[in-house]
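Chemist: Below is the sequence, then the predicted model.
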Amino acid sequence: MAYLNKPLNVSKLELKNRLVMPPMATAKSEGDGNVSQQIIDYYKEKSDGGYISLIIIEHSFVSQEGKASKNQLSVADNTTIEGLKRLADVIHKNDSKAIMQINHAGSAADQEIIGTTPVGPSVVANPRLGRVPRELAKHEILNIVKEFQNAALRVKEAGFDGVEIHSAHGYFLNQFLSPLTNKRTDEYGGSIYNRIRIHLQIIEAISEVVGKDFPILLRLGASDFVDGGTTIEDSKIAACEFEKAGVSILDISGGFCGYNLNGIKDQGYFAPLTEAIKKVVSIPVILTGGITEAQAAEELLLKGKADLIGVGRALLNNSDWAKNAIEKLS
């Protein structure tokens, strides 16, 4: 049996193969963030046949202040739950597992969209977008922890199989992780242990309301690939702490570099990051990054670069990609 077709059981997730559809923003939700028929149709098409074992829904905002863009999906209040149930159901009917990614944009938010000044760990321009946030007070940080907690509970109530915390691509939690944007001198800044304090508070808060059997994933921007930014050495420490805190799967991507690496076209270009992290944790690690061929996915798994393979753009461009890949390697 090809490695890509091997099942994997982790926490309460029974995955029939190693293929993951990573979160990709579609801007297909209703204006208020509720699930639209367009989003239902999109995920129904992508999950058709059940060839993808795990589908991670695009990043969804935990509060209006944390909204990243127009027509972004929302988990910000209880009115979203009914629509999210429909979304989880359509994926389950196609025999795939469904995870929701929850996010706060922080300084990546647009003032015109959120109606107020974006927030962040420090008054530092967002390296990707140039927006300058106001610095959060400690009590406001704890309020955002609560917003993540409430959002995760809604995800569970909607019938999803788990929740993923977004700390990559220059968004809010990535802003705390990265020395580029976190210049705080209190317990949330300085050492890597302080810079992930909010992450650990969020993981603990979510665990309290969803229970120990509900899988928590975390998408980690494991390197900014910029001088002075987050390094893989930072992220190895962070990954170990996240595993201790109860994270079931680590989903590895880039930090302020985003989900691309300039000038690098190799399939699985984040493999050096996943390989390094896989050596220090015992939980599964997801690798994404420019994978377009089934054989490339298979080789990355065989070489021990990761436990699960995320295929994004290829699936976005061709809804039959997963079917063709699984059948080709059968």
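Modeler: Received, thanks. Numbers count the residues shown, from 1 in each chain.

Chemist: Regarding this structure, what is its longest helix?
Modeler: helix 138-157 (DSSP state H).

Chemist: Show me what that helix is packed against.
Modeler: Contacts defined by 3 or more Cβ pairs under 8 Å, 6 or more residues apart in numbering; DSSP states H and E place helix 138-157 against helix 81-93, strand 97-103, strand 162-167, helix 197-210. All C-beta atoms are positioned from the backbone trio N, CA, C, and that covers glycine.

Chemist: nearest to residue 24, of these?
Modeler: Proximity to residue 24 (Cβ to Cβ) singles out strand 97-103 among those, at 10.1 Å.

Chemist: next helix or strand past the closest one?
Modeler: Moving toward the C-terminus from strand 97-103, the next helix or strand (DSSP states H and E) is helix 111-114.

Chemist: hmm, who's touching that following helix?
Modeler: Here helix 111-114 makes contact (Cβ atoms under 8 Å, 6 or more residues apart in numbering) with 64, 65, 66, 67, 69, 70, 117, 118, 131.

Chemist: and which of those residues is nearest residue 104?
Modeler: residue 66 (3.3 Å).

Chemist: circling back: what's the angle between the longest helix of the chain and strand 97-103?
Modeler: Angle, helix 138-157 to strand 97-103, by axes from the mean of the first three to the mean of the last three Cα atoms, to 10 degrees: 160 degrees.

Chemist: And helix 138-157, what's buried?
Modeler: Of all the residues in helix 138-157, those buried under the rule 16 or more other Cβ atoms under 10 Å are 141, 144-145, 147-156.

Chemist: starting at the chain centroid, how far to stretch 164-179?
Modeler: From the chain centre to the centre of stretch 164-179 is a distance of 10 Å (Cα atoms, centre = their mean, to the nearest Å).

Chemist: related to what we said a few turns ago, mean confidence for the longest helix of the chain?
Modeler: Average pLDDT, helix 138-157: 98.

Chemist: do stretch 305-316 as well
Modeler: Averaging pLDDT along stretch 305-316 gives 97.

Chemist: Distance from it to the middle of the chain?
Modeler: Its chain's average C-alpha position is 13 Å from that of stretch 305-316, according to Cα atoms, centre = their mean.

Chemist: just stretch 268-279 next, same as before
Modeler: Centroid separation between stretch 268-279 and its chain, computed with Cα atoms, centre = their mean, is 16 Å.

Chemist: Repeat that for stretch 314-330.
Modeler: Offset of stretch 314-330 from its chain centre (Cα atoms, centre = their mean): 22 Å.

Chemist: Identify all contacting residues around that stretch.
Modeler: With Cβ under 8 Å, 6+ apart as the test, stretch 314-330 has contacts from 2, 4-5, 17, 19, 21, 24, 45-46, 48-49, 51-52, 291-292, 294-295, 297-298, 311.

Chemist: one more time with 10 Å, if that's ok
Modeler: Defining contact as Cβ atoms under 10 Å, 6 or more residues apart in numbering, one finds that stretch 314-330 is touched by 1-5, 16-17, 19-22, 24, 26, 42, 45-53, 55, 96, 267, 290-298, 309, 311, 313.

Chemist: Just the buried residues from those, in PyMOL please.
Modeler: A single PyMOL command is used to select the members of the contacts of stretch 314-330 judged buried by 16+ other Cβ under 10 Å:
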select buried, resi 2+3+4+5+16+17+19+20+21+22+24+26+42+46+47+48+50+51+52+53+55+96+267+290+291+292+294+296+297+298+309+311
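
Chemist: on that earlier part again, export the buried residues of helix 138-157 to CSV and tack on distance to residue 208?
Modeler: Listed next are those as CSV, based on distance: Cβ to Cβ, whole Å:
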residue, distance to residue 208
141, 17
144, 16
145, 11
147, 14
148, 12
149, 7
150, 11
151, 14
152, 10
153, 10
154, 15
155, 14
156, 12
